[in-house]
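Undergrad: Pasting the sequence and the predicted coordinates here, then a few questions.
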Amino acid sequence: MGFVEASGEGFRRYFDFRTRSSRSEFWWFTLFVVIVSIIATVIDTTLFNTSWDDTGMVNGLWTFATIIPSIAIAVRRLHDIDRSGWWVLLWFVFLIGWVVLIVWHCTKGTDGINRFGDDPLGSYDIFD
C-alpha cells in the first residue's frame, strides 16, 4: 500500500476498530499525519503569530480531526499481530510503553486469518 492510498484508507476506515491494517498502511498514514501537522504548525506560526511550542488553531483542528483515525489504525495494527486493541493504552506508560508499541507496530502481521479477520495483504495459502 502506498502513501496516497494509506492516507485515504485511514479516513475511509475512520471508526473501524475491528479489522486489521498492514504495517505499510499504518506507517504511511502516520507519516501523512505528521507531515500535515508540521505544515499546520508552520501555518499557525506565520499567519496567527503563535509560538512553535503552542498549538494553534489550524494544528488543533488537524489534531482533532485525526485523533480517532490514528487510534483506530493503531488498534487495527495491533489486531494484525493478533493482539487486543486495548494494548494501545500502553501509550500512557512513559517510554517503556512507547518502545513496546513501536516494536509491535514494526512486527510482521500474522499470515492468513486470525481472530480479527483476513490478512490485509491477502492470503498466501495454496489451499484457500
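TA: That came through fine.

Undergrad: Do you have the strands of this protein handy? List them.
TA: Taking DSSP state E, the chain contains no strands at all.

Undergrad: correct me, but Arg23 touches Arg77?
TA: Yes: using Cβ atoms under 8 Å, Arg23 makes contact with Arg77 at a distance of 7.3 Å. Any C-beta I mention is one placed from the backbone N, CA and C, and that applies to glycine too.

Undergrad: So if I had to pick from those two, which one is more boxed in?
TA: Neighbours were counted for Arg23 and for Arg77 using other Cβ atoms under 10 Å; Arg77 has more, 28 against 18.

Undergrad: shared neighbours of Arg23 and Arg77, which are they?
TA: Here Arg23 and Arg77 share the contacting residues His105, scored by Cβ atoms under 8 Å, 6 or more residues apart in numbering.

Undergrad: all helices of the chain, in order?
TA: With helices called from DSSP state H, the chain shows them at 3-12, 23-47, 57-80, 96-106.

Undergrad: So which of these is the most surrounded?
TA: Among the helices of the chain, helix 57-80 has the highest mean neighbour count (mean count of other Cβ atoms under 10 Å), at a mean of 19.

Undergrad: Many thanks, have a good one.
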